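Participant: Fold the stuff below for me.
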Amino acid sequence: MCPSVPHLGWVNRRARAGCRRHSRPGSPGPRRRRNSINTQIQEAAFGGLTTRPETIRALKKLAWTEPTPIQRKVIPLLAAGRDVAGQAQTGSGKTGAYVIPMLERLDPATRGAQVLVLAPTRELAVQIAGVARDLGGPAVRVATLYGGQPIERQMPALRAGAPVVVATPGRLLDHLNRRTLALGAVRLLVLDEADRMLDMGFLPDVETIVRLTPHQRQTALFSATIPDPVRAVAERYMRSPAWVRIAAPAPTVDTVVQYYLEVAEQDKLRALRLLLTSGEVPSALVFRRTKRGADRLARVLKERGIGAEAMHGDMTQGARQRALDAFARGRVQALIATNVAARGLDLPDVSHVINFDIPEDLETYVHRIGRTARAGRTGEAITFVGQYDLEAFDLLKRNLGGALRPHPLPLYG
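Facilitator: This is a model prediction of the structure:
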C-alpha cells in the first residue's frame with residue numbers, strides 16, 4: 001500500500017505511479033525502485049512539505065531551510081488546486097508561497113503563459129521574477145513586463161513562449177492590445193499586493209485582465225490589508241477561496257526602536273545632516289511626501305558631501321534600479337523616497353528609517369518603518385515632527401503610546 005505523503009503533487013504522483021506498477025498481490029515489487037522513490041521523497045522535504053527535488057536544491061542554495069508561516073499554510077492549499085486569498089505583509093515570504101507550488105503547475109509541453117502574476121510596481125515585478133528564476137532554474141523562462149522599459153526588450157521572452165509572466169497591469173494590457181501575448185493557457189493567476197493595486201487606481205485594469213484569463217484557472221490573491229473592494233474582487237473572481245491570514249509581526253514593538261524628533265520645518269535639513277554625519281546611521285531610507293521634495297533633498301545632501309539618491313514614480317525603471325542598487329550595495333548612505341518604497345521592496349540591510357515628512361496615516365507609518373528590522377534584525381525609526389505635523393503626530397501617539405520616545409539629538413543645545 002502506498003504511503004501518504006504531504007505533497008505538492010509532482011513527487012507523490014510519481015510515487016503512486018511506481019506503487020501501481022510494482023505492487024501486485026503477493027509481490028512487494030523491485031526493491032531498487034521502491035528505495036529510489038523513498039530517497040526522492042526524503043530529499044524533497046521542505047519543513048514537512050514536499051516538492052520537486054530541483055526546487056529543494058534551489059531552496060538550499062537560497063538557504064531557505066524552513067517555510068515561513070504563510071508558506072506552510074498556502075503551499076499545500078495551492079498544491080491541492082484551491083483558490084487562496086492571503087493576508088500578509090511584505091517580507092513574510094508570500095512570494096515563495098506561490099512561486100513554489102506554481103512551479104509544479106508548469107507543463108513543458110505547453111507553449112506560452114501558464115502562470116500570470118500581477119504586481120503594482122516595477123520593483124515588485126522584478127523582485128518576483130527574480131525569485132521565480134532562482135527557484136525555477138535555467139529550465140524555467142520568465143517574462144517580466146513593466147513600463148519604463150522599451151517594449152521591444154520584453155519581446156524575446158514572449159516569443160520564446162515563457163511559461164511564467166510577471167507584469168504590471170498597464171504594461172500587460174499594452175502587450176495584450178498589441179497581440180504579443182495571449183492568456184488562453186493561463187492555469188494560475190496571482191494578484192500580489194492587491195490593496196496597493198487598488199490604491200494606485202489599477203482595479204479596472206486588473207478586472208479587465210482577470211476576465212481575459214480562462215474561467216477554470218486557479219487564482220491566488222495576496223494583500224497586506226483586505227479592504228472591501230479587495231474582498232469584492234476575491235468574491236467575484238475566485239471559487240470558494242481559502243482565506244489565510246498571517247498576523248503581521250509587531251515591528252512597532254519588538255524589532256524597531258521608534259523615536260520622534262521635534263524640529264521646526266526650516267531645521268529639518270540640519271537635523272537630517274546631523275543624524276547622517278553622527279556615525280550612528282550606516283544606512284537610512286528617508287521618506288518624503290512628494291517626488292519634487294525627494295529630488296530636492298537628495299540633491300542638497302549630495303552638494304553637502306553626503307551620498308544620497310532619490311527614488312520615486314516619475315523616474316525611469318533604469319534610474320530607479322540604479323538608485324536601489326547603489327543603496328543596497330552601500331555606495332550611498334541615504335535613499336530619499338516617496339511612498340513607492342514603503343511597500344513591495346525587500347531591502348534587508350536598512351539600519352534606519354527617517355520620516356522627513358510625517359506619514360499621513362498609521363498604515364503608511366507602519367509600512368514605512370517596516371523597511372528596517374528585516375529578517376530578525378533590529379532597526380530604528382525616527383519621525384520628524386514640525387509645527388504643521390501636530391495633528392498627524394497626535395494620531396500616531398494615540399495608537400502607539402509609549403512605543404514612541406523622544407530622540408536625544410541635541411539639535412537645539
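Participant: Output the below-cut-off pLDDT ranges for the stretch 301-413 of the chain.
Facilitator: Along the stretch 301-413 of the chain, segments meeting pLDDT under 70 span 340-346, 348, 373-377.
Participant: Helices along that one, start to end?
Facilitator: 317-328, 362-369, 390-400 (DSSP state H, counting those that start in this stretch).
Participant: what about the helices in the stretch 101-250 of the chain?
Facilitator: Under DSSP H, counting those that start in this stretch, the stretch 101-250 of the chain gives helices at 122-136, 155-159, 169-178, 194-199, 203-211, 228-237.
Participant: by contact count, what packs against the first one?
Facilitator: The criterion is 3 or more Cβ pairs under 8 Å, 6 or more residues apart in numbering; DSSP states H and E, and the helices and strands that helix 122-136 contacts are helix 53-61, helix 94-105, strand 115-118, strand 142-145, strand 164-167, helix 317-328. In this view, the C-beta of every residue, glycine as well, is placed from N, C-alpha and C.
Participant: ok, back up a step: save the helices of the stretch 101-250 of the chain as TSV, and put in distance to residue 413 too.
Facilitator: Below are the helices of the stretch 101-250 of the chain laid out as TSV (distance: least, Cβ to Cβ, whole Å):
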stretch	distance to residue 413
helix 122-136	42
helix 155-159	60
helix 169-178	52
helix 194-199	42
helix 203-211	52
helix 228-237	50
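Participant: and the ones you listed, which one's lowest on average pLDDT?
Facilitator: For the helices of the stretch 101-250 of the chain, the weakest mean pLDDT is recorded on helix 194-199, namely a mean of 84.
Participant: which other helices and strands contact it?
Facilitator: helix 203-211, strand 218-223, helix 228-237.
Participant: elements contacting the helix or strand residue 275 falls within?
Facilitator: Residue 275 is part of helix 268-276 when elements are defined by DSSP states H and E. Judged by 3+ Cβ pairs under 8 Å, 6+ apart, helix 268-276 is in contact with strand 284-287, helix 291-303, strand 352-355, strand 379-385.
Participant: Can you check what angle separates the longest one from helix 268-276?
Facilitator: Counting by axes from the mean of the first three to the mean of the last three Cα atoms, to 10 degrees, helix 291-303 points 50 degrees away from the direction of helix 268-276.
Participant: For burial, what's the neighbour tally of residue 184?
Facilitator: Neighbour count for residue 184, taken as other Cβ atoms under 10 Å: 9.
Participant: Could you pull up the residues touching the residue lying closest to it once chain neighbours are set aside?
Facilitator: For residue 184, ignoring the flanking residues on the chain, the nearest one in space by Cβ to Cβ, 6 or more residues apart in numbering is residue 214 at 6.5 Å. For residue 214, the contact set (Cβ atoms under 8 Å, 6 or more residues apart in numbering) comprises 183-187.
Participant: Tell me the one among those nearest to residue 166.
Facilitator: residue 186 (12.7 Å; Cβ to Cβ).
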